[in-house]
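S.K.: Show me how the following folds:
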Amino acid sequence: MDQQREVQMDRRTDRPTNRRSVKDMAIRARRASRYLAGAGADAKNRALELMAKSLLERAGDILEANRRDLEKAVASGLPAPMQKRLAMTPAKLESMAGGLLKVAALPDPVGRVLEARTRPNGLTIQKMSVPFGVIGIIYESRPEVTADAAALCFKSGNAVILRGGTESSLSNLAVATALGAALEEAGAPVDCVQYLVDPDRSGVQEMLGLSGYMDLLIPRGGANLIRTVVLNSTVPVIETGTGNCHVYIHEKADLAMAQSIAVNAKCSNPAVCNAAETLLVDRAVAREFLPGLVSALEERGVHVRGCEESRSIVPRIVEATEDDWETEYLDLVLAIRVVSGLDVAIDHIARYGTMHSEAIITRDEAAARSFKEAVDAACVYVNASTRFTDGFEFGFGAEIGISTQKLHARGPMGLSELNTYKYVISGTGQVR
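M.R.: Now for the predicted structure:
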């Protein structure tokens, strides 16, 4: 099935929209998930390899669709950082195809025996890794997510319904069409990967109400998208939360290391959720540390905002407001607050953090231990940049997002986190 045959043009928006209801898509996905649950690693890997090949063979179609998306994005005033995330290049397309091959090379998570025991009555009980079944993923801007999410769900044995941002609908549809052609060539059900084209968001609302038809929803994007899904979904949700991340410079920090980490955490890629948004600096080292740090940040184009005490040390810093402590900038902006010790830094993080990634820079083992124990976040760092919160950097090969909740997964979500488990009990005629 060609994904493009499943859509028609919406005259109001001049954008494609699906012919089928989301419920019908979910029913078809459920049928496809039964195939995937029993598909072996070799069959799934061959399909992923064909998906990678299909992306490259259809590069012209994908890049042309992306050009049209970008043209409309510029005309509509889409912010420059979002345009950057939307833009596809031949190099990005090569990387997208390479990502599918990397997923194919990963161990298959399905069917792993997580625990096993034999009871006194002779029953053997195994806790086995199994797919969720049907997953919906709602995301914004980046067409690469279409291929990444499809590959991770497919390899983990889940059928998936993808819904990308309206601004990237043509690009996403072109990518999904290439993936569907590869599934057909591999002899797998094309409904394993479906793309929801939804110009007026009615499809998203329908998706949120499909309890019993879908097993899991994963939103990836800004705070408003995530909040909407969490508050309105009847389907279980894994929240890939926003990243209001902090770096705390302790009084016993190596200040050269602290500057290097702070600059990296803010500047290496400010538009991602693991970038630092607030720097907390111990009062004991603030006068020595801040002037050089602020200059290093400004050289890289960072707009620095600060508390009254930090401005007394570096007067050119713009005054920070309460909103700055709460903001995920996703841009070259950093808020700085001088604090009177470890406990105050931990309290600040507890109040304003989003349980994503938090770091302390210190040579004091007791302070590091207290920070690790007290800070409630998916990832807690000692003497390292928050920018490492990433499935690839953690050795997972790829990720579907960073979960900031505590059930069912937390932190970078790879293939294993896209599986749940069931108990398989074997006996020899036992009765109770």
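
S.K.: isn't Arg305 right up against Arg337?
M.R.: No. In this structure, Arg305 is not within contact of Arg337 by C-beta atoms under 8 Å, at 9.6 Å. Using the backbone N, CA and C atoms, a C-beta is placed for each residue, glycine as well.

S.K.: hey, what's in contact with both of those two?
M.R.: Common contact partners of Arg305 and Arg337 (C-beta atoms under 8 Å, 6 or more residues apart in numbering): Ala320.

S.K.: How is the closest residue to Ser403 other than its chain neighbours assigned, secondary-structure-wise?
M.R.: The spatially closest residue to Ser403, leaving aside those adjacent along the chain, is Ala409, at 4.7 Å (C-beta to C-beta, 6 or more residues apart in numbering). Of the three states, Ala409 takes coil according to DSSP: H, G, I helix; E, B strand; the rest coil.

S.K.: Ala409 against Ile238, yeah?
M.R.: Yes. Counting by C-beta under 8 Å, Ala409 touches Ile238, with 6.0 Å between them.

S.K.: Touching both of those two, which residues are there?
M.R.: With C-beta under 8 Å, 6+ apart, Ala409 and Ile238 have common neighbours Ser403.

S.K.: Which stretches in the stretch 251-400 of the chain count as helices?
M.R.: For the stretch 251-400 of the chain, the helices defined by DSSP state H, counting those that start in this stretch occupy 255-267, 283-299, 308-313, 322-326, 342-352, 365-374.

S.K.: Tell me which of those helices sits most buried.
M.R.: Mean neighbour count (mean count of other C-beta atoms under 10 Å) peaks for helix 255-267 among the helices of the stretch 251-400 of the chain, with a mean of 20.

S.K.: tilt between that one and helix 283-299?
M.R.: 50 degrees (axes from the mean of the first three to the mean of the last three C-alpha atoms, to 10 degrees).

S.K.: Show me what helix 255-267 packs onto, helices and strands only.
M.R.: strand 245-249, strand 276-282, helix 283-299, strand 357-361 (3 or more C-beta pairs under 8 Å, 6 or more residues apart in numbering; DSSP states H and E).

S.K.: cutoff 10 Å now
M.R.: When contacts are defined as 3 or more C-beta pairs under 10 Å, 6 or more residues apart in numbering; DSSP states H and E, helix 255-267 packs onto strand 245-249, strand 276-282, helix 283-299, strand 333-339, strand 357-361.

S.K.: In CSV, list these along with mean pLDDT and distance to Ile317.
M.R.: Converted to CSV, the helices and strands packed on helix 255-267 look like this (pLDDT from 0 to 100; distance: least, C-beta to C-beta, whole Å):
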stretch, mean pLDDT, distance to Ile317
strand 245-249, 98, 16
strand 276-282, 98, 11
helix 283-299, 98, 7
strand 333-339, 98, 7
strand 357-361, 98, 20
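
S.K.: among the helices and strands of the chain, which one scores worst on average pLDDT?
M.R.: strand 7-10 (a mean of 56; mean pLDDT, DSSP states H and E).

S.K.: From Thr428, how far off is Asp69?
M.R.: The spacing between Asp69 and Thr428, counted by C-beta to C-beta, to the nearest Å, is 61 Å.

S.K.: Out of the two, name the residue with the larger neighbour count.
M.R.: Asp69 (28 against 8; other C-beta atoms under 10 Å).

S.K.: Let me know the secondary structure of that one.
M.R.: Assigned with three-state DSSP, Asp69 falls in the helix class.

S.K.: With the one 3 residues further on instead?
M.R.: At Lys72 the chain is in helix, as set by three-state DSSP.

S.K.: Just give the number of residues close to it.
M.R.: 17.

S.K.: same check, this time on Ser54
M.R.: So Ser54, with other C-beta under 10 Å, has 23 neighbours.

S.K.: in the helix or strand encompassing Lys44, what's buried?
M.R.: Element membership for Lys44, per DSSP states H and E: helix 41-57. Residues Lys44, Asn45, Arg46, Ala47, Leu48, Glu49, Leu50, Met51, Ala52, Lys53, Ser54, Leu55 are the ones in helix 41-57 that count as buried (16 or more other C-beta atoms under 10 Å).

S.K.: Same list (these) but as CSV, adding distance to Tyr139 and pLDDT.
M.R.: Converted to CSV, the buried residues of helix 41-57 look like this (distance: C-beta to C-beta, whole Å; pLDDT from 0 to 100):
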residue, distance to Tyr139, pLDDT
Lys44, 22, 98
Asn45, 25, 98
Arg46, 27, 98
Ala47, 22, 98
Leu48, 20, 98
Glu49, 24, 98
Leu50, 24, 98
Met51, 18, 98
Ala52, 20, 98
Lys53, 24, 98
Ser54, 21, 98
Leu55, 18, 98
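
S.K.: just to revisit the earlier point, quick check: which of the helices and strands packed on helix 255-267 is nearest to Asp148?
M.R.: Asp148 lies closest to strand 357-361 among the helices and strands packed on helix 255-267, at 20.1 Å (C-beta to C-beta).

S.K.: ok, the closest one: who's next to it in the sheet?
M.R.: Note on strand 357-361: by DSSP bridges, its sheet partners are strand 245-249 (parallel), strand 379-382 (parallel).

S.K.: Quick one: mean pLDDT over stretch 76-86.
M.R.: Average pLDDT, stretch 76-86: 85.

S.K.: That one: how far from the chain's middle?
M.R.: Put simply, stretch 76-86 sits 19 Å off its chain's centre (C-alpha atoms, centre = their mean, to the nearest Å).

S.K.: repeat for stretch 237-255
M.R.: 17 Å.

S.K.: What residues of that stretch count as buried?
M.R.: So for stretch 237-255, counting by 16+ other C-beta under 10 Å, buried means 237-253.
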